[in-house]
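Asks: my questions are about this predicted structure, shown below with the sequence.
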Amino acid sequence: MEVEHISTLKKPEEMVNESIKLKEMLVITDKGEKLGLLPKARAIDEAYKRGLDLVVVSAESNPPVAKMMDYSRYRFEQQKKLKEMKKKQKVITVQEIQLSPTIEKHDFDTKARKAQTILDKGNKVKITLRLKGRMIVHQELAKEVIQKFVDQLAQTSTLESDIKLDGKLLFATIAPKKQKENN
């Protein structure tokens, strides 16, 4: 018995009815009964007699396995499952808050409140601080500003990445804390 490998086939859609490139396959009906090892032409005829499509479900097995099913309904159900999975996914975005080494108290508090609303929505906050001109000499003051910002939000967030310097840019990322389930 000669078996062609699935690597010659590109898409699962190519493994339906006349597009099947296998010569023989083990055929299973839609009810689950085995018809045995059949040549491609006979297997397709049997499927058409029942008003179904022949779909290869396992091309790697020896012998390859094909099942009779309503392929359009099967594809519809697969697409429906994918949509449900996408609905349940939570997309987390990272929003940026820019600080200055010489930021005033009121501006600092305003940016902290904005960061808190971002965290409350379940998103992450990237805190950036650009060092301009000769400010690069006073990196420790800039790090203190970022650390103070992180400390102010410490009750509802965790520091995800430490404060790092990249060129003239200091940055850190904070994420919302995981909420514990109430028992």
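Replies: Nice, thanks for sending it over. None of these values were measured; they are calculated from a predicted model.
Asks: same question for stretch 146-154: list its buried residues.
Replies: Judged by neighbour count using 16 or more other Cβ atoms under 10 Å, the buried positions of stretch 146-154 are 146, 149-150, 152-153. All C-beta spots, glycine's among them, are computed from the backbone N, C-alpha and C.
Asks: for this protein, which spans come out with low pLDDT?
Replies: 1-14, 179-183 (pLDDT under 70).
Asks: the domain parsing of it - what is it?
Replies: 6-85, 94-176 (automatic domain parsing).
Asks: out of the buried residues of stretch 146-154, who's nearest Gln78?
Replies: Leu153 (42.9 Å; Cβ to Cβ).
Asks: quick one: contacts for the closest one?
Replies: When contacts are counted by Cβ atoms under 8 Å, 6 or more residues apart in numbering, Leu153 is found next to 112, 115-116, 119, 125, 174.
Asks: which of those fall in helices?
Replies: 112, 115-116, 119 (DSSP state H).
Asks: give the PyMOL command for selecting the buried subset of the residues you listed.
Replies: A single PyMOL command selects the buried members of those (16+ other Cβ under 10 Å):
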select buried, resi 115+116+119
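Asks: follow-up on the earlier one: out of the buried residues of stretch 146-154, list just those in helices.
Replies: Using DSSP H, these in helices are 146, 149-150, 152.
Asks: residue closest to the middle of this structure?
Replies: Gln89 (7.9 Å; Cα atoms, centre = their mean).
Asks: and that residue, how far is that from Gln79?
Replies: 16 Å (Cβ to Cβ, to the nearest Å).
Asks: likewise for Leu165?
Replies: Taking Cβ to Cβ, one finds Leu165 at 48 Å from Gln79.
Asks: which of the two has more neighbours?
Replies: For the pair Leu165 and Gln79, the greater number of neighbours falls to Leu165 (14 against 10), based on other Cβ atoms under 10 Å.
Asks: ok, the more buried one - contacts?
Replies: Leu165 touches Gln139, counting by Cβ under 8 Å, 6+ apart.
Asks: 10 Å instead?
Replies: 129, 131, 136, 139, 142-143, 171 (Cβ atoms under 10 Å, 6 or more residues apart in numbering).
Asks: biggest separation within these, which pair?
Replies: Among those, Ile136 and Phe171 lie farthest apart (Cβ to Cβ), at 14.7 Å.
Asks: how close does the residue lying farthest from the centre of the chain get to Val150?
Replies: Residue farthest from the centre of the chain, counting by Cα atoms, centre = their mean, is Arg134 at 43.0 Å. Between Arg134 and Val150 the computed distance is 25 Å (Cβ to Cβ).
Asks: what does the longest helix seen in the chain contact?
Replies: Longest helix of the chain, by residue count under DSSP H: helix 71-88. Contacting residues not belonging to helix 71-88 are listed as 12-13, 15-17, 47, 52-55, 67, 70 [Cβ under 10 Å, 6+ apart].
Asks: identify the residues contacting Asp151.
Replies: If you count contacts by Cβ under 10 Å, 6+ apart, then Asp151 has Leu159 around it.
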